[in-house]
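A.B. asks: need a 3D model of the following:
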Amino acid sequence: MDVLRGMVMFLMLAEVLHWEQLSAVSGRFSEPVQRVLEWIVFHTSHVQWRGCSLHDMIQPVFSFLVGTSLAFSYTKRIEEGQSWRGMLMHAVARSVTLVLLGIFLRSLGKPQTNFTFDDTLTQIGLGYGFLFLFGGSKQLTVVLGILGILGSYWLLFALYPLPPAEFDYARVGVPDTWQHHASGFAAHWNKNSNAAWAFDTWWMNLFPREKAYLYSGGGYCTLSFIPTLGTVLMGLLAGNWLREDSQVGRRNWYFLATAGICLAGAWGLDALGVCPLVKRIWTPSWTLWSGGICFLWLLVLCWILDDARYTRWSYFFRVIGANSIVAYVMSWTIESWVGQAIERHFGFAIRGLVPEAYRTFVLGWLILLVFWLILDWLFRRKIFVRI
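C.D. replies: Numbering: from 1, shown residues only. Here you go, the predicted structure:
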């Protein structure tokens, strides 16, 4: 789990590489290299609305692994004799801490507290208490919980009325050039005109802010924590199978079958226009699609690391995954400071050796190196920060 967590955290940290700037000068390279760069740029950035890139999988995998970890920690706490009430209080405290940390990080550089609830930490925090209530439940109960959550959330959007023909999309941050409007029934999930957007126009204005909240520029919404809970519960399923089933073949079959069902279901819902696959508002089809990928990704790592015992390559990612919260906080707090320090002390070498078009890219790798060395120092001393 640490390796998988480290992989997606590396994807997040690697935003500092700014592949899109390197792609801007791709005309200097051969056509095959240009195509590779275009592919990398696509998968190191979020899709605008409908669809999926590798970068879009960061938050789902992180959320999925929260559920997987709970399967082990819940059982461990029970074996240690902790009371259910004490465990519940711990879960509530963790939930509140995650939400507050998310708000704190989003407020950096702002003139006042930036109350937002759509980032990874706050989304997990809002749902963590509910996740705990499923701890120790039978697998069927967890499956029914997932179906109930996704079905109810789908119904919320489906029943919310479509905007009138004269709806001013520009007023809610959707330009006239926006090419991702769906028509027909799928329009219930269009950007900044859906049920979750309507909720946020009320909810977000309950908190002090510089000006009235009208929309999220990216179309993100608070209520996404509800289907995100479905993703986390899928992780709980996976964790229970990893913890309980000693037969590797049967475990692998469970993972493959579940992934197949999720991916096929998501594809069907999207293709039929019943529920478009949109990560930014975490549609039920997105929950299924990303959940299926999470099952496959974890299964492949189980094959490589546990079954084949091929582990040497994984150290790089394990170091990051073991202190994922530290990595996340560093990316929000000291990334620019580290970059400035590198430029201050080694800028002369970078400018002398690296052409201008590639300096941001090289600087990004140096920032990543500093981050990894910090995490490696913590790992070697067995210092692990947990919430």
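A.B. asks: what sits against L88?
C.D. replies: By Cβ atoms under 8 Å, 6 or more residues apart in numbering, L88 lies in contact with G129, F132. From N, CA and C alone the C-beta is placed, and that goes for glycine too.
A.B. asks: in the helix or strand hosting it, what's buried?
C.D. replies: Using DSSP states H and E, L88 sits in helix 84-106. Within helix 84-106, the residues that count as buried by 16 or more other Cβ atoms under 10 Å are M87, A91, R94, S95, L98, V99, L101, G102, I103, L105, R106.
A.B. asks: surely the fifth one touches F117?
C.D. replies: Which is L98. No. Assessed by Cβ atoms under 8 Å, L98 is found out of contact with F117, at 10.9 Å.
A.B. asks: what's the least confident helix or strand in this structure, going by average pLDDT?
C.D. replies: Least confident helix or strand, the chain: helix 19-23 with a mean of 79, by mean pLDDT, DSSP states H and E.
A.B. asks: which helix or strand lies directly C-terminal to it?
C.D. replies: From helix 19-23, the next helix or strand downstream (DSSP H and E) is helix 31-43.
A.B. asks: mind listing residues that contact that next one?
C.D. replies: Contacts for helix 31-43 (Cβ under 8 Å, 6+ apart): W19, E20, L22, S23, S26, G27, F29, S53, L54, H55.
A.B. asks: out of the residues you listed, which is nearest to Q247?
C.D. replies: L54 (31.5 Å; Cβ to Cβ).
A.B. asks: buried sites along stretch 354-365?
C.D. replies: Across stretch 354-365, burial judged by 16+ other Cβ under 10 Å covers R359, T360, F361, L363, G364.
A.B. asks: actually stretch 130-139, sorry about that
C.D. replies: Buried, per 16+ other Cβ under 10 Å, within stretch 130-139: F130, L131, F132, F134, G135, S137.
A.B. asks: do stretch 171-184 as well
C.D. replies: V172, V174, A182.
A.B. asks: still on that earlier bit, any idea of the mean pLDDT for the helix holding L88?
C.D. replies: If you average the pLDDT over helix 84-106, you get 96.
A.B. asks: kindly export stretch 61-77 (C-alpha atoms) in PDB.
C.D. replies: Presented in PDB, the C-alpha positions along stretch 61-77 are these (Å, rounded to 0.1, in the frame of the first residue of the first chain):
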ATOM      1  CA  VAL A  61      -6.100   6.100  -5.200                       C
ATOM      2  CA  PHE A  62      -5.300   8.200  -2.100                       C
ATOM      3  CA  SER A  63      -8.900   7.900  -1.000                       C
ATOM      4  CA  PHE A  64      -9.100   4.200  -1.900                       C
ATOM      5  CA  LEU A  65      -6.100   3.500   0.300                       C
ATOM      6  CA  VAL A  66      -7.700   5.200   3.200                       C
ATOM      7  CA  GLY A  67     -10.300   2.500   3.200                       C
ATOM      8  CA  THR A  68      -7.700  -0.200   2.700                       C
ATOM      9  CA  SER A  69      -5.700   1.000   5.700                       C
ATOM     10  CA  LEU A  70      -8.800   1.100   7.800                       C
ATOM     11  CA  ALA A  71      -9.400  -2.600   7.200                       C
ATOM     12  CA  PHE A  72      -6.200  -3.300   9.000                       C
ATOM     13  CA  SER A  73      -6.200  -0.600  11.700                       C
ATOM     14  CA  TYR A  74      -9.800  -1.300  12.800                       C
ATOM     15  CA  THR A  75      -9.000  -5.000  13.400                       C
ATOM     16  CA  LYS A  76      -5.700  -4.100  15.100                       C
ATOM     17  CA  ARG A  77      -7.500  -1.700  17.500                       C
END
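A.B. asks: tell me the buried residues in it?
C.D. replies: Within stretch 61-77, the residues that count as buried by 16+ other Cβ under 10 Å are 61-71, 74-75, 77.
A.B. asks: got the residue ranges for the helices in the stretch 51-200 of the chain?
C.D. replies: Using DSSP state H, counting those that start in this stretch, the helices of the stretch 51-200 of the chain run over 58-79, 84-106, 120-134, 139-159, 195-203.
A.B. asks: who touches the fourth one?
C.D. replies: The reference is to helix 139-159. Helix 139-159 has contacts (Cβ under 8 Å, 6+ apart) with 134, 137, 185, 188-189, 194-196, 223, 226-227, 229-230, 233-234, 236-237, 240, 275, 283-284, 287-288.
A.B. asks: can you list the buried residues in it?
C.D. replies: V142, G145, I146, I149, L150, Y153, W154, L156, F157.
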